[in-house]
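Colleague: Okay, here's the prediction I keep looking at, along with the sequence it came from:
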Amino acid sequence: MTEVSFFEKVYQVVKLIPYGKVTSYGAIANYLGASGSARMVGWAMNASKKQEVPAHRVVNRNGLLTGKHHFDGTNLMQQLLENEGIEIVDNKIQNFEKHFWDPMKEL
DNA sequence: TTAATGACTGGCC
DNA sequence: TGGCCAGCCATTA
């Protein structure tokens, strides 16, 4: 329990993302001290569907909803973000820097 | 048990 | 300027 795995750390960080904020795979991986493990973060998101994790708040470095294809609906991820006040155009977050939440700074 | 994959990123040619 | 390769950890077959 005390020793959480890489995945669990990802879940913790993602669940700590405040409302109306988003982050990137690299930011989480970097926060965990593994900039090269960004792929694992994405893979954790795949498993996050089983967990209560707002995976829709996690996007790639470009603010692009690359993982939206893994959601139930085609634009479910987009609607969830728009519901939080985030504008999405062509599966891409507008003003990504404005909505970006860096765990390194916040945590 | 071994090998391959997976919603990414950064660097190099 | 644009495309390709390597790295990371965990899960699945």
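Modeller: Alright, I've got the coordinates.

Colleague: I figured A:Tyr31 hits A:Trp101, correct?
Modeller: No - contact status for A:Tyr31 versus A:Trp101: not in contact, 10.9 Å apart, counting by Cβ atoms under 8 Å. Quick note: C-beta positions are derived from backbone N, CA and C, even for glycine.

Colleague: hang on, A:Gly85 in a helix?
Modeller: No - under DSSP: H, G, I helix; E, B strand; the rest coil, A:Gly85 sits outside any helix and is assigned coil.

Colleague: Quick check: pLDDT value at it.
Modeller: pLDDT for A:Gly85: 96.

Colleague: Can you tell me which residues in chain A are near DNA strand C?
Modeller: Residues of chain A found near DNA strand C (Cβ under 7 Å from any atom of the strand) are A:Ser5, A:Phe6, A:Phe7, A:Ala34, A:Gly36, A:Ser37, A:Ala38, A:Arg39, A:Met40, A:Trp43, A:Ala47.

Colleague: Kindly report the residues of chain A close to DNA strand B.
Modeller: Counting by Cβ under 7 Å from any atom of the strand, the residues of chain A that sit close to DNA strand B are A:24-26, A:29, A:35-36, A:38-43, A:45-46, A:48-49, A:55, A:58, A:60-62, A:66-67, A:69-71.

Colleague: Is there a quick ChimeraX command that grabs whichever of those are buried?
Modeller: Here is the ChimeraX command that selects the buried residues among the residues of chain A next to DNA strand B (16 or more other Cβ atoms under 10 Å):
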select /A:24,25,29,38,40,41,42,45,48,55,58,66,67,71
